[in-house]
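Colleague: Got a sequence here, can you model it:
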Amino acid sequence: MEKLAEWLSEHQFPCVTKQLFGLNCPFCGFQRSVIALLQGDIGQSVTLFPALIPLALTLIVFGIHKIFHIPSLKKILIWMLIADVCILLFNCIYKNLQLLL
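Modeller: Numbering: from 1, shown residues only. Prediction:
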């Protein structure tokens, strides 16, 4: 995992939104968060991009739903997606307020 994290840190994509407007997009910090998680630093990962772990869990539940066709997971997925979007938006607003103030 360490080699993957090292390779990813050397090949990060720049944030176009931040370059053009000077503001964070909802996914700013995602790449650095994945690298921190691969290095085993969960705290740093959550600090950089709080939605990473919830989004990963949502993808896992979605995969289980698609493979096993469990109808009750559909409602859970909807609530998980709502929570993910809320985390993304609140984090984006918080980080941009820090930049502006």
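Colleague: wait, what's in contact with residue 74?
Modeller: By C-beta atoms under 8 Å, 6 or more residues apart in numbering, residue 74 lies in contact with residue 65. For the C-beta atoms, the positions are set from N, CA and C on the backbone; glycine is no exception.
Colleague: Could I get the phi/psi values of it?
Modeller: Phi and psi for residue 74, reported as degrees, to the nearest 10, are phi -60, psi -40.
Colleague: Against residue 64, how distant is it?
Modeller: The spacing between residue 74 and residue 64, counted by C-beta to C-beta, to the nearest Å, is 11 Å.
Colleague: Next: residue 93.
Modeller: Between residue 93 and residue 64 the computed distance is 31 Å (C-beta to C-beta).
Colleague: Next, residue 70: phi, psi?
Modeller: The phi and psi torsions at residue 70 (degrees, to the nearest 10) take the values phi -90, psi 110.
Colleague: and it, how many neighbours?
Modeller: 12 (other C-beta atoms under 10 Å).
Colleague: again, but for residue 61
Modeller: Residues near residue 61, counting by other C-beta under 10 Å, number 16.
Colleague: Output the helix or strand it falls within as CSV - backbone C-alpha positions only.
Modeller: Taking DSSP states H and E as the criterion, residue 61 maps to helix 52-68. Once side chains and other backbone atoms are set aside, the C-alpha atoms of helix 52-68 remain, and they are given as CSV (Å, rounded to 0.1, in the frame of the first residue of the first chain):
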residue,chain,number,x,y,z
LEU,A,52,-14.4,9.5,1.8
ILE,A,53,-15.3,6.7,4.2
PRO,A,54,-19.1,7.2,4.0
LEU,A,55,-18.8,7.3,0.2
ALA,A,56,-16.8,4.0,0.3
LEU,A,57,-19.4,2.4,2.5
THR,A,58,-22.2,3.6,0.2
LEU,A,59,-20.3,2.0,-2.8
ILE,A,60,-20.0,-1.2,-0.9
VAL,A,61,-23.7,-1.3,0.0
PHE,A,62,-24.6,-0.4,-3.6
GLY,A,63,-22.5,-3.3,-4.8
ILE,A,64,-24.1,-5.7,-2.4
HIS,A,65,-27.5,-4.4,-3.5
LYS,A,66,-26.7,-4.9,-7.2
ILE,A,67,-25.2,-8.4,-6.7
PHE,A,68,-27.8,-9.9,-4.3
